[in-house]
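Trainee: Pasting the sequence and the predicted model now:
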2 protein chains.
Amino acid sequence: SQLLGSLRQENGVSPGGGACKMRWQLSEQLRCLELQGELRRELLQELAEFMRRRAEVELEYSRGLEKLAERFSSRGGRLGSSREHQSFRKEPSLLSPLHCWAVLLQHTRQQSRESAALSEVLAGPLAQRLSHIAEDVGRLVKKAKKTYQAYHMESVNAEAKLREAERQEEKRAGRSVPTTTAAATEAGPLRKSSLKKGGRLVEKRQAKFMEHKLKCTKARNEYLLSLASVNAAVSNYYLHDVLDLMDCCDTGFHLALGQVLRSYTAAESRTQASQVQGLGSLEEAVEALDPPGDKAKVLEVHATIFCPPLRFDYHPHDGDEVAEIRVEMELQDEIVPRAQNIQSRLDRQTIETEEVNKTLKATLQALLEVVASDDGDVLDSFQTSPSTESLKSTSSDPGSRQAGRRRGQQQETETFYLTVGRAGLVGGTRGGLRLFTW
Amino acid sequence: SQLLGSLRQENGVSPGGGACKMRWQLSEQLRCLELQGELRRELLQELAEFMRRRAEVELEYSRGLEKLAERFSSRGGRLGSSREHQSFRKEPSLLSPLHCWAVLLQHTRQQSRESAALSEVLAGPLAQRLSHIAEDVGRLVKKAKKTYQAYHMESVNAEAKLREAERQEEKRAGRSVPTTTAAATEAGPLRKSSLKKGGRLVEKRQAKFMEHKLKCTKARNEYLLSLASVNAAVSNYYLHDVLDLMDCCDTGFHLALGQVLRSYTAAESRTQASQVQGLGSLEEAVEALDPPGDKAKVLEVHATIFCPPLRFDYHPHDGDEVAEIRVEMELQDEIVPRAQNIQSRLDRQTIETEEVNKTLKATLQALLEVVASDDGDVLDSFQTSPSTESLKSTSSDPGSRQAGRRRGQQQETETFYLTVGRAGLVGGTRGGLRLFTW
């Protein structure tokens, strides 16, 4: 019987044990659905809180950038108080650098505006939307709970019906079987005493047996039908209804969450796109850095300072009508060698100047390369090793030693350039002066 | 003489006036160069200060984001203290939403790291670089000043030489002219008294005249040469040397400034690129939101709760070997109509279920559309009107009224969906139970 019982457990369940386990499952399912709803609401609330706090961080950032741009836009340069420096913003020699500066500030202001807009979207529509979804989830779970309770009632009713059917079958079968066996054992001896009486008795018992048998069959049929119906219903519930119930709870959750997150990425992407655009403007301004243009502007604005003066004129003594160099016969001996001397000095000077120019060009090239390489390295270290740690190292031992060496080299080259350059330049002018006057 | 003087001013300048104006120009040029250098240094210092302050803002932002990510990563959900909610992070029903959440936090952490790195670069290498350029500019201007002073000395010397030459010419011409006219007027009466004596006197005077004339020519030649030399030197100075001097002061300034600004845009671009990448990951996670997958995971994890129970088995009374529905002749009248009845109810139920399903599908579609449209509008308002003001309006009068209407509509649709759905669902199971047992 114990073996039979365990086999039974394997093949199927009795209404008592099965229904008991089902009731446990149903209540666990309810707990599970409710917990899921709660966790979902929790996740949504946490996301909403995240959005609000992210919005705060973004707003703070926006304000920081705005203050920064404001600080540097409002004053006319660092030493804005002194009279001379109020022209800072209009200094022609800084025309293209100042354009870069203006674009940089504008870019900063734009970043500030974008961050503020992002903040508004996060704290406003997105956080609100998440709260709405949380509400929706709560409501859906509440409604699903009602549906579940309907299921629960059905299961209790079905169990009762099944038990009743089982009880009925048990009762009928229990009554009909002993009756028929009794009828069979009684049939022998009774036949001997009175066939007629016995015939009536047999007929009566036969009728009673048939009646019981029919009732028994009906009860069994009812039991089997109930069993099939309950099994079909249970199977249907577990294979479809529970999943539908879960789907009901899910309705739109993933969709709505996805929409919110997509809005978030769209808002951030928009900010990024604007930043990229701003950086593009800044890059354009940097490309437009224009030393010759700035120099031309300086010369134009300070025309009185830089325009060449009128030529020094020949002012002959009253009555002297000669206004050109005269080579009298007597002066030839003196002037011709002097002219030859001047010519040869001029030739030497030309060669020297050419050489100086070559050296200058090479030195300038080297100097500019040092200037360019310095920043190239900053950029490289940033590009190849993005971590904060490795960036810090550029100001630590090996990096800074190297930078120091480079700066030393730069200043040496610069000094050489300016010394040779000055000699060359002054040589040019002084040479011109000397050529004739000494 | 006044007219002559003004004409002279137009055609050229006298050494006195011209040199005076030149000296003024040279000192103004020096002032101009020095001022330019100062303004450049000022601009560079201001840029450096901007970079440092921008770095502070960025660092603050980075810290805010880090704290934010930390706050939401560390605790196991909002109500982390309660035991039940510690499973929050592992809840299978939230598998794909939690993945989104994790990616969002990771993205935030990455943004924090990027901002920190940007901050490091701005405050470190870039600000330092700008200081170096400012130093370079200062040094270059100092050296250019020395060059200028050399020019100034040259100009003073040249002026002195010119004046000397002019003075000499004036002296010689002044002395030779009256001498020759005196010789001419004296020649007449002297010829009468003594030709020989007069001849010697004439010869002597002739020689003296020639000597004076030669000296005069030499002085004039010297004057003209000095004039040509000074004019050439001045022209050379104004047309080339001043520009070279300005170039010397400019050496590498635009280049270095451009490099710094390029480093800045590169650093920011890198941050942007990383952000875009992070947003890409977030978008992928959103795309991977997987309701069926999450449901399957729930069923898998809670297998004991959701696995269908074993079938309810037929437990016949001891000895009853029949285990199927028997239709005895006597039961046919009862069972056949009942079967027909069941069949027709089944047909009706099937039709009803199909209709309910159609309605459900349409309602679900409408519900999901409402859910989707809500966020679509948030996004639209963000996309088309980026200003903070217009974003605010989504939470103000017309926007919020519309949103309220939409939410009302959503809840109506939802209620209808769940009511019809519940009726349909429960109808399905209950119908199944009823079909056989009632």
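Mentor: Nice, thanks for sending it over.

Trainee: counting contacts, what elements does the helix or strand hosting A:Phe50 pack onto?
Mentor: For A:Phe50, the host element (DSSP states H and E) is helix A:15-74. With contacts defined as 3 or more Cβ pairs under 8 Å, 6 or more residues apart in numbering or on different chains; DSSP states H and E, helix A:15-74 has these neighbours: helix A:95-121, helix A:127-193, helix A:242-250, helix A:253-287, helix B:15-74, helix B:95-121, helix B:303-306. For glycine as for every other residue, the C-beta is placed from the backbone atoms N, C-alpha and C.

Trainee: Which positions in the last one come out as buried?
Mentor: Just to be clear, that refers to helix B:303-306. For helix B:303-306, a neighbour-count test (16 or more other Cβ atoms under 10 Å in any protein chain shown) marks B:305-306 as buried.

Trainee: quick one: that helix near chain A?
Mentor: Yes. Helix B:303-306 lies within reach of chain A by Cβ under 8 Å from any Cβ of the partner chain, at B:304-306.

Trainee: Looking at those residues, which one is closest to chain A?
Mentor: B:Ile305 (4.3 Å; Cβ to the nearest Cβ).

Trainee: got the contact list for the closest one?
Mentor: B:Ile305 is in contact with A:25, A:28-29, A:32, counting by Cβ atoms under 8 Å, 6 or more residues apart in numbering or on different chains.

Trainee: for A:Ala123, same thing?
Mentor: Residues near A:Ala123 by Cβ under 8 Å, 6+ apart: A:51-52, A:55-56, A:59.

Trainee: same check, this time on A:Glu211
Mentor: With Cβ under 8 Å, 6+ apart, A:Glu211 has no contacts at all.

Trainee: A:Gly278 - how many residues pack around it?
Mentor: The local packing of A:Gly278 (other Cβ atoms under 10 Å in any protein chain shown) involves 22 other residues.

Trainee: Let's see the pLDDT reported for it.
Mentor: If you check A:Gly278, the pLDDT there is 87.

Trainee: Name the nearest residue to it, sequence neighbours excluded.
Mentor: Computed as Cβ to Cβ, 6 or more residues apart in numbering or on different chains, the closest residue to A:Gly278 that is not its neighbour in sequence is A:His107, at 3.9 Å.

Trainee: returning to that earlier point: would you convert the contacts of B:Ile305 into TSV that also reports pLDDT?
Mentor: Formatted as TSV, those follow (pLDDT from 0 to 100):
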residue	pLDDT
A:Gln25	84
A:Glu28	86
A:Gln29	84
A:Cys32	84
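
Trainee: In a markdown table, list those residues along with neighbour count.
Mentor: Converted to a markdown table, these look like this (neighbours: other Cβ atoms under 10 Å in any protein chain shown):
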| residue | neighbour count |
| --- | --- |
| A:Gln25 | 21 |
| A:Glu28 | 14 |
| A:Gln29 | 21 |
| A:Cys32 | 19 |
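
Trainee: Could you identify the most distant pair in those residues?
Mentor: Farthest pair in those (Cβ to Cβ) is A:Gln25 and A:Cys32. Separation: 9.9 Å.

Trainee: quick revisit: and of the contacts of B:Ile305, the nearest to chain B?
Mentor: The closest of the contacts of B:Ile305, once distances to chain B are taken by Cβ to the nearest Cβ, is A:Glu28, at 4.3 Å.

Trainee: State the distance from that closest one to B:Ser112.
Mentor: Going from A:Glu28 to B:Ser112 by Cβ to Cβ, to the nearest Å gives 42 Å.

Trainee: mind giving me the domain split of chain A?
Mentor: Following automatic domain parsing, one gets these domains for chain A: A:12-78+A:88-286, A:339-438.

Trainee: For the residue of the stretch 301-438 of chain A at minimum distance from chain B, give me phi and psi.
Mentor: At 2.8 Å from chain B, A:Asp313 is the closest residue in the stretch 301-438 of chain A, using Cβ to the nearest Cβ. Torsion angles at A:Asp313 (phi, psi; degrees, to the nearest 10) stand at phi -90, psi 160.

Trainee: before we move on, what about the one 5 residues further on?
Mentor: With angles defined as degrees, to the nearest 10, A:Asp318 sits at phi -50, psi 130.

Trainee: That one: neighbouring residues, count only.
Mentor: 8.

Trainee: now the one 5 residues further on
Mentor: Number of residues near A:Ala323 (other Cβ under 10 Å) recorded here: 10.

Trainee: Check the one 5 residues further on too.
Mentor: Here the neighbour count serves as a burial measure; for A:Glu328 (other Cβ under 10 Å) it reads 14.

Trainee: what's the answer for the one 3 residues further on, then?
Mentor: Counted with other Cβ under 10 Å, residues neighbouring A:Leu331 total 16.

Trainee: Of all the helices and strands packed on helix A:15-74, which one is nearest B:Met153?
Mentor: Comparing these under Cβ to Cβ, the one sitting nearest is helix B:15-74, at 10.7 Å.

Trainee: okay, the angle between that closest one and helix B:95-121?
Mentor: Here helix B:15-74 runs at an angle of 150 degrees relative to helix B:95-121 (axes from the mean of the first three to the mean of the last three Cα atoms, to 10 degrees).

Trainee: ok but A:Leu310 is inside a helix, no?
Mentor: No. Using DSSP: H, G, I helix; E, B strand; the rest coil, the assignment for A:Leu310 is coil, not a helix.

Trainee: separation between it and B:Ala19?
Mentor: 12 Å.

Trainee: Equivalent analysis for A:Ala69, please.
Mentor: As judged by Cβ to Cβ, A:Ala69 and B:Ala19 stand 50 Å apart.

Trainee: A:Ser269 contacts B:Val276, correct?
Mentor: Yes. Using Cβ atoms under 8 Å, A:Ser269 is in contact with B:Val276, at 7.3 Å.

Trainee: Point out where chain A drops to low pLDDT.
Mentor: Scanning chain A for pLDDT under 70 picks out A:1-18, A:75-93, A:173-195, A:373-403, A:418-438.

Trainee: how about A:Val230, what does it touch?
Mentor: Counting by Cβ under 8 Å, 6+ apart, A:Val230 touches A:158-159, A:161-162, B:312, B:433.

Trainee: Now render the residues you listed as a markdown table, adding distance to A:Asp247 and neighbour count.
Mentor: Listed next are those as a markdown table, based on distance: Cβ to Cβ, whole Å; neighbours: other Cβ atoms under 10 Å in any protein chain shown:
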| residue | distance to A:Asp247 | neighbour count |
| --- | --- | --- |
| A:Ala158 | 23 | 26 |
| A:Glu159 | 26 | 19 |
| A:Lys161 | 28 | 19 |
| A:Leu162 | 28 | 22 |
| B:Phe312 | 27 | 25 |
| B:Leu433 | 22 | 24 |
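
Trainee: quick one: which of those is nearest A:Leu95?
Mentor: Once Cβ to Cβ is applied, the member of the contacts of A:Val230 that ends up nearest A:Leu95 is B:Leu433, at 89.0 Å.

Trainee: re earlier: looking at the domains of chain A, which is closest to B:Thr359?
Mentor: Closest among the domains of chain A, using Cβ to Cβ: domain A:12-78+A:88-286, at 14.5 Å.

Trainee: quick revisit: overlap of the contact sets of A:Gln25 and A:Cys32?
Mentor: Common neighbours of A:Gln25 and A:Cys32 (criterion: Cβ under 8 Å, 6+ apart): B:305-306.

Trainee: before we move on, the earlier item: burial count for the residue nearest to A:Gly278?
Mentor: Per other Cβ under 10 Å, the neighbour tally for A:His107 reads 24.

Trainee: so who does it touch?
Mentor: A:278-279, A:281-282.

Trainee: Tell me the spacing between it and A:Glu46.
Mentor: Taking Cβ to Cβ as the measure, A:His107 falls 34 Å from A:Glu46.

Trainee: Could you check how far the nearest residue to A:Arg53 once chain neighbours are set aside is from A:Leu122?
Mentor: Once flanking residues are discounted, A:Arg53 sits nearest to B:Leu68: 5.5 Å by Cβ to Cβ, 6+ apart. According to Cβ to Cβ, B:Leu68 and A:Leu122 sit 11 Å apart.
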